[in-house]
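**Q** predicted structure and sequence below. I'll ask about it afterward.
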Amino acid sequence: MTAVLVVEDNPANLKLTTLLLHSAGHTVLIAVDAETGLRLARDEQPDLILMDIQLPGMDGLAATAILKHDPATAAIPVIALSALAMKADEERSQSAGCDAYIVKPLRYKELYAVMERLLVEPGAADKQVAPPSLSTT
Ligand code: MN
């Protein structure tokens, strides 16, 4: 069983997201603002976080940056949710440390595919192949 923290301020989006996650058999934790999301992430240690970018007060990218700088939460994969297909949002979400990026409205196949990838290989999106070390001495 997977515990997913959803940080989303829009009631309709929250309802849809919760429905999709429950349908897939996941446990859902809910926060409607970034501050509550940060607290739940630290206290409950979810397996994955779905983070809306546009939140009242602190936005989802600022919250993700905090999560990724905190050793207690840095390893939890974060999927950024953007309301608009804006290239700038995708780039900004990568800079903030998000592991993946999805444009709303959520399509269940895309959500499940991204979640499966992140849960099987946490941090896989960030890993780079290190060049072989060549010693010349
Ligand atoms: Mn929002």
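**A** That came in fine, so what should we check first?

**Q** can you list the residues of this structure near the ion?
**A** 9, 10, 52, 54 (C-beta under 5 Å from the ion). Bear in mind the C-beta positions are built from the backbone N, C-alpha and C, glycine included.

**Q** widest-spaced pair of these?
**A** Spanning the widest gap among those are 10 and 54, at 8.6 Å by C-beta to C-beta.

**Q** where do the contact lists of the two overlap?
**A** Common neighbours of residue 10 and residue 54, counting by C-beta atoms under 8 Å, 6 or more residues apart in numbering, are absent.

**Q** before we move on, the earlier item: inside strands: which ones of the residues of the chain next to the ion?
**A** If you go by DSSP state E, those have residue 52 in strands.

**Q** which one of the residues of the chain next to the ion has the most neighbours?
**A** residue 52 (26 neighbours; other C-beta atoms under 10 Å).

**Q** you'd agree it is up against residue 81?
**A** Yes. If you go by C-beta atoms under 8 Å, residue 52 and residue 81 touch, sitting 4.8 Å apart.

**Q** mind checking the end-to-end distance for stretch 72-89?
**A** 26 Å (C-alpha to C-alpha, to the nearest Å).

**Q** what sits up against it?
**A** 8, 13, 38, 41-42, 45-54, 60-61, 64, 67-68, 90, 93, 96-104, 106, 114-115, 118-119, 122-123.

**Q** put the buried members of the residues you listed into a ChimeraX selection.
**A** Here is the ChimeraX command that picks out the buried ones among the contacts of stretch 72-89, judged by 16 or more other C-beta atoms under 10 Å:
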select :8,13,38,41,46,47,48,49,50,51,52,53,54,60,61,64,67,68,90,93,96,97,98,99,100,101,102,103,104,106,114,115,118,122
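
**Q** out of the contacts of stretch 72-89, list just those in strands.
**A** Among these, the ones falling in strands (DSSP E) are 48, 49, 50, 51, 52, 100, 101, 102, 103.

**Q** and the fifth one, what does it touch?
**A** Right, the one you point to is residue 52. Contacts of residue 52 by C-beta under 8 Å, 6+ apart are 7, 8, 9, 10, 13, 60, 81, 83.

**Q** so what's the fifth one closest to, chain neighbours aside?
**A** For residue 13, ignoring the flanking residues on the chain, the nearest one in space by C-beta to C-beta, 6 or more residues apart in numbering is residue 104 at 6.3 Å.
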